[in-house]
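1. Here is my input, please return the structure:
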Amino acid sequence: MENNNSLFEHFSFLVDKGQAPLRIDKYLMNFVENATRTKIQAAAKNGRIKVNGVVVKSNYKVKPQDDIRVLFEYPPHENLLIAENIDLDIVYEDDDLVVVNKTAGMVVHPGHGNYSGTLINGLIYHFENLPKNSSNRPGLVHRLDKDTSGLLVIAKNDESMVHLSNQFAEKTSKREYIALVWGNVKDDSGKIDNYIGRNPKNRLQNIVLDDDKIKNGKRAITNYEVLSRLNYVSLVKCNLETGRTHQIRVHLKHIGHTLFNDIRYGGNMILKGTTFSKYKQFVNNCFSILPGQALHAKTLGFKHPKSDKWLEFDSDLPDEFAKLLSKWKNYAVHKKK
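-> Reported below is the predicted structural model:
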């Protein structure tokens, strides 16, 4: 069984030329999503981390141009996709599609470190014979990040999968998000249009690429509008023309307004405000309300795959997001007095 490669998830990395010496377990935590140090150290102990073809221990220091190969043990394949009776907030359903309001903290599909409790585990319990998308994932037309809440459309048959996927690819669907970001956004509205790709220093992040690197990325377009300014944070509406991984999170950070409590992109630190301990306590209380970034997929619109009729759905901010927003509004009011 040990030599059966199908039981392992394979990763390979070529270390960046500018990489400073760093323990390989710490390095891999920046490059493999949901990989804990325990899991990395177990892989090292079992001889499954190789650098330049040689097995290394977890305290090995990576150097520029090192060729790293890692094998992480998968659970058995039959355990990868289990139907689970998970409560889903179904906004709309007919014979061809389902619209679901996903909670923050729920992973959309199984992957490394998340093999149960995902949206797909729930979907295959509630709906039989969902069609597979190009990544072999049942029903999924598009996705949301784990800590992003809001609306998703699920295809129930092959025809719907093709029709809906084309709408997302051709930018004819409507996707509107609400975000709470750090700082006072200067312009009332704007358009961010550039290329996004992997951050070579941290592959769990995406970044806006310099002009000479755009061949390594994908074009991403986000339109935004400021709904309210609340001293040290702003409430922003974002409309997506494209749907790149972490697009809103990357774009708003790029213009200097990281999403509030976005752990992966540094929004879980106090980026704006005062040095008073009372303010610090207030912000830390705000951080404790949401599991991650303050981002909600509020509105979703598309043409029905059979009738061609335009369907549009709207969702309220989750209670936690609404509570967070209320705290900042109260803070802004009291600050003016």
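2. need the next SSE after the helix or strand hosting residue 206, C-terminal direction.
-> Assigned by DSSP states H and E, residue 206 belongs to strand 202-208. Counting by DSSP H and E, the next helix or strand C-terminal to strand 202-208 is strand 218-230.
3. Need the contact partners of the helix or strand that that next one is followed by.
-> As assigned by DSSP H and E, the chain's next helix or strand after strand 218-230 is strand 233-240. Strand 233-240 has contacts (Cβ atoms under 8 Å, 6 or more residues apart in numbering) with 174-185, 221-229, 247-248, 252, 257, 260, 272, 298, 325, 328. C-beta: built from backbone N, CA, C; applies to glycine.
4. Give me the mean pLDDT for strand 233-240.
-> Computed over strand 233-240, the mean pLDDT rounds to 97.
5. Okay, the most centrally placed residue in the chain and residue 222: tell me how far apart.
-> By Cα atoms, centre = their mean, the mean C-alpha position of the chain lies nearest to residue 145, the distance being 2.8 Å. For residue 145, the distance to residue 222 equals 15 Å [Cβ to Cβ, to the nearest Å].
6. Kindly report the same for residue 203.
-> Residue 203 is 22 Å from residue 222, by Cβ to Cβ.
7. Just want to know which of these two has more residues nearby.
-> Between residue 203 and residue 222, counted using other Cβ atoms under 10 Å, residue 222 has the larger neighbour count: 23 against 14.
8. Pull the contacting residues for that one.
-> 191, 192, 238, 239, 240, 241, 242, 247, 248, 251, 252.
9. beta partners of it?
-> residue 192, residue 240 (DSSP bridges).
10. From residue 201, how far out is the residue nearest to residue 45 when sequence neighbours are not counted?
-> Distances taken as Cβ to Cβ, 6 or more residues apart in numbering place residue 58 nearest to residue 45, at 7.7 Å, with adjacent residues excluded. Here the criterion is Cβ to Cβ. By it, residue 58 lies 21 Å from residue 201.
11. Neighbour count: these two, which is higher?
-> residue 58 (17 against 12).
12. Not counting stretch 52-68 itself, show me its contacts.
-> With Cβ under 8 Å, 6+ apart as the criterion, stretch 52-68 contacts 11-19, 21-25, 27-28, 37, 40-41, 44-45, 47, 49-51.
13. Buried subset of those, written for ChimeraX?
-> Filtering the contacts of stretch 52-68 down to the buried ones (16 or more other Cβ atoms under 10 Å) takes a single ChimeraX command:
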select :11,13,15,23,24,25,27,28,40,41,44,49,51
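14. Cross the contacts of stretch 52-68 against helices and list the overlap.
-> 24, 25, 27, 28, 37, 40, 41, 44, 45 (DSSP state H).
15. now these in TSV, with distance to residue 293?
-> Formatted as TSV, the ones in helices among the contacts of stretch 52-68 follow (distance: Cβ to Cβ, whole Å):
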residue	distance to residue 293
24	29
25	26
27	25
28	24
37	24
40	25
41	29
44	32
45	34
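16. helices or strands up against the longest helix seen in the chain?
-> What stands out as the longest helix in the chain, according to DSSP H, is helix 319-336. Here helix 319-336 touches strand 174-182, strand 218-230, helix 277-287, going by 3 or more Cβ pairs under 8 Å, 6 or more residues apart in numbering; DSSP states H and E.
17. Name the stretch among those that sits most buried.
-> strand 174-182 (a mean of 23; mean count of other Cβ atoms under 10 Å).
18. what residues does it touch?
-> 148, 150, 227, 232-240, 243, 248, 252, 257-260, 267, 271-272, 293-302, 312, 317, 321, 324-325, 328.
19. just stretch 102-116 next, same as before
-> By Cβ under 8 Å, 6+ apart, stretch 102-116 touches 9, 32-36, 39, 72, 75, 79-82, 84, 89, 117-121, 137, 140, 143-144, 146-152, 290-292, 297, 318, 320-321.
20. can you give me the end-to-end distance of it?
-> End-to-end distance of stretch 102-116 (Cα to Cα, to the nearest Å): 16 Å.
21. ok so, going back, which two among the ones in helices among the contacts of stretch 52-68 are spaced furthest apart?
-> 27 and 45 (17.0 Å; Cβ to Cβ).
22. Wait, residue 214 touches residue 193, no?
-> No - Residue 214 is beyond contact range of residue 193, at 11.8 Å (criterion: Cβ atoms under 8 Å).
23. and residue 220, what does it touch?
-> With Cβ under 8 Å, 6+ apart, residue 220 has these contacts: 192, 193, 194, 195, 196, 242, 244, 247, 250, 251.
24. can you tell me how far it sits from residue 29?
-> Taking Cβ to Cβ, one finds residue 220 at 26 Å from residue 29.
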